[in-house]
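Peer 1: quick one, what's the 3D model for this:
(one chain, ligands or ions: 2)
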Amino acid sequence: MPVPGPGYSITVRVEAPPSATAAGDLTTAVGRTGAVITAFDVVESHADRIVVDITCNSLSADHADDITEALEALPGARVRKVSDRTFLVHLGGKIEVNSKVALANRDDLSRAYTPGVARVCTAIAKNPEDARRLTVKRSSVAVLTDGSAVLGLGNIGPEAALPVMEGKAALFKKFAGVNAWPVCLDTQDTEEIIRTAELIAPAYGGINLEDIAAPRCFEIEARLRERLNIPVFHDDQHGTAIVVLGALRNALRVVDKDLSDCRVVVCGVGAAGSAIIRLLRQKNPADIVAVDVDGIVHDGRGDTDEHLRAIAAETNAEGRTGPLGDAVRGADVFIGVSAPNLLSAEDVATMNDDAIVFALANPDPEVDPLEARRHATVVATGRSDYPNQINNVLAFPGFFRGLLDAHAHEITDEMMLAAANAIADVVDGNDRVNASFIVPSVFDSTVSPTVAEAVRRVAVSGDEAGGGGQGGAAGSSVAAAGVPGFADMEEDAGF
Ligand SMILES: NC(=O)c1ccc[n+]([C@@H]2O[C@H](COP(=O)([O-])OP(=O)(O)OC[C@H]3O[C@@H](n4cnc5c(N)ncnc54)[C@H](O)[C@@H]3O)[C@@H](O)[C@H]2O)c1
Ligand SMILES: O=C(O)C[C@H](O)C(=O)O
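Peer 2: Ligands and ions are numbered 1, 2, ... in the order given. Take a look at the predicted model:
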């Protein structure tokens, strides 16, 4: 049953007679509608009336109307206005650009802008790699979408996708100091998206593909990785897979099972499910059984989709067939990245002892987590109102920080596995793992630096192993050309 939450928080400004019972009458009227009051402020007081702001969590826009009506029904009360606090947060957007340099006088201008800037431009023209040292490229990421698969909202287009992309950019900044910017494209044509990403790539240290529908997202990512010399990440795929792998490591510790003995059901083989299967295979589970809207994925299904055929070939060693219920019977782990309410408590009861259930469909999971907990030992969802919230924000800020710090040109499975282990270690390291704590809080400030360091290390060691190209060892033509004290200046400036 839904409960009032901060996503539907409203502030109602209401005036009422200044009686001794006014505050109690107002709060009782709101409480009776089922709303949860979080603040009560008197904003004006007069001999004949008081004006108060009542802030409360509600369920929906209709519920907000009920609250207004309940207040208006009180004798002498009048609602002046109702503010939706979620919309207030979005007024004018959630992000902005700030200048890092002083621009107080002509001297400042001469260095930060013309004529001084021309020398920096010339240096970069001689050695384009210097853009990573001398421009925002070193810490900037394009959050690129075509608006075709936004949250659970579907194909809502580039403008409507912008609030999500701004949110992502805000998280990049908050958790890892990365300057991310939304790039919402007015096209859903694969070739146009690829070409546009290529054209904008010079200004960025990495590209984070976001909310692009499967299977188009697979081709776009693969071809951009071939063509660009900056890392290309698809958060819905790789961010999810990293966090799921980290959470699974700790969940298996709780139930004291080894992945090599476990049959894992992955329900949903779109962007998230495909990437989870790919990363999971690196850890050699006993078997993976993939399930989509048409049931268990197997060789004999006659799928024409190349992507599904590849999954059929790589999973389901025992050749199972049938609906989801048949897949979960006797399974050790269920990972859902598909659709709401597909499993019942009875289905979970048919799983092996000490079952692990990750029901990650947002906003409503594949199975009610309270029902699942009747029969499973570890349950996780994507929601913030239950324990064990699996959310990509545990991965992507630190992951990009590590890539940018290493001046990485590409992303490898080793980096993703290192990031998954880093997330698991944050909980596991101090013996803190239990059935309700398999992943750290998204507000744990150690997560992003730990992930960043793990990714940076792999990127740099990959560079050493590969003899160049990946990692921050590349020299600067400015330093090489002997510009006085340049290297020292970089160090002093914390570069
Ligand atoms: N919690 C998290 O961190 C997290 C991360 C990524 C995605 N998700 C959630 O996972 C879900 C899938 O995301 P996506 O980007 O991979 O979507 P997608 O559209 O690319 O893939 C959806 C997949 O689910 C399958 N599916 C749909 N209905 C089904 C049904 N009734 N039975 C079995 N399979 C069914 C489809 O066949 C498809 O394979 C969404 O709800 C999304 O919110 C959660
Ligand atoms: O990106 C997110 O955090 C949301 C998740 O990927 C989802 O699709 O539900």
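
Peer 1: which residues touch the nearest residue to residue 48 once chain neighbours are set aside?
Peer 2: Using CB to CB, 6 or more residues apart in numbering and skipping the chain neighbours, the partner closest in space to residue 48 is residue 18 (6.9 Å). C-beta here means a position set from N, CA and C on the backbone, and glycine is covered the same way. By CB atoms under 8 Å, 6 or more residues apart in numbering, the contact set of residue 18 is 45, 46, 47, 48, 49, 50.

Peer 1: out of the residues you listed, who's near ligand 2?
Peer 2: When the contacts of residue 18 are filtered against ligand 2 using CB under 6 Å from any ligand atom, no residues are retained.

Peer 1: ok, and the most crowded of those?
Peer 2: residue 50 (18 neighbours; other CB atoms under 10 Å).

Peer 1: wait, isn't that one in contact with residue 26?
Peer 2: No. The pair residue 50 / residue 26 is not scored as a contact, 9.3 Å apart, by CB atoms under 8 Å.

Peer 1: need the residues touching each of these two.
Peer 2: Common neighbours of residue 50 and residue 26 (CB under 8 Å, 6+ apart) are residue 16.

Peer 1: outline the domain layout of the protein.
Peer 2: The chain breaks down into these domains under the TED database: 9-90, 137-230, 237-466.

Peer 1: can you put those in TSV and add distance to residue 127 and mean pLDDT?
Peer 2: What follows is the domains of the chain, written out as TSV (distance: least, CB to CB, whole Å; pLDDT from 0 to 100):
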stretch	distance to residue 127	mean pLDDT
domain 9-90	42	95
domain 137-230	13	97
domain 237-466	13	95
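
Peer 1: residue 115: which of the ones you listed is closest?
Peer 2: Checking the domains of the chain against residue 115 by CB to CB gives domain 137-230 as the closest, at 22.2 Å.

Peer 1: that older thread, just the contacts of residue 18: which are in helices?
Peer 2: When DSSP state H is applied, the contacts of residue 18 are split such that none fall in helices.

Peer 1: which of the residues you listed sits closest to residue 143?
Peer 2: Taking the contacts of residue 18 together and measuring to residue 143 by CB to CB, the closest member is residue 50, at 45.8 Å.

Peer 1: so how far is ligand 1 from the closest one?
Peer 2: 44 Å (CB to the nearest ligand atom, to the nearest Å).

Peer 1: leaving out the residues flanking it, which one is nearest to that residue?
Peer 2: Using CB to CB, 6+ apart, the closest residue to residue 50 is residue 18 (4.9 Å).

Peer 1: assumed residue 318 was part of a strand.
Peer 2: No. Read with DSSP: H, G, I helix; E, B strand; the rest coil, residue 318 is coil and lies in no strand.

Peer 1: just to revisit the earlier point, want to throw the contacts of residue 18 into JSON lines with distance to residue 39?
Peer 2: Putting the contacts of residue 18 into JSON lines (distance: CB to CB, whole Å) gives the following:
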{"residue": "45", "distance to residue 39": "17"}
{"residue": "46", "distance to residue 39": "21"}
{"residue": "47", "distance to residue 39": "25"}
{"residue": "48", "distance to residue 39": "25"}
{"residue": "49", "distance to residue 39": "20"}
{"residue": "50", "distance to residue 39": "15"}
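
Peer 1: which one of these is nearest residue 182?
Peer 2: Nearest member of the contacts of residue 18 to residue 182, counting by CB to CB, is residue 50, at 43.1 Å.

Peer 1: which SS state does residue 223 fall under?
Peer 2: helix.

Peer 1: from what I can see it touches residue 195, true?
Peer 2: No. Checked against CB under 8 Å, the pair residue 223 and residue 195 is beyond contact range at 10.2 Å.

Peer 1: more crowded one of those two?
Peer 2: Applying other CB under 10 Å to residue 223 and residue 195 shows that residue 223 carries more neighbours, namely 17 against 13.

Peer 1: closest residue of this structure to ligand 1?
Peer 2: Closest approach between the chain and ligand 1, counting by CB to the nearest ligand atom: residue 270, at 1.8 Å.

Peer 1: what's near enough to touch that residue?
Peer 2: Contacts of residue 270 by CB under 8 Å, 6+ apart are 214, 292, 337, 338.
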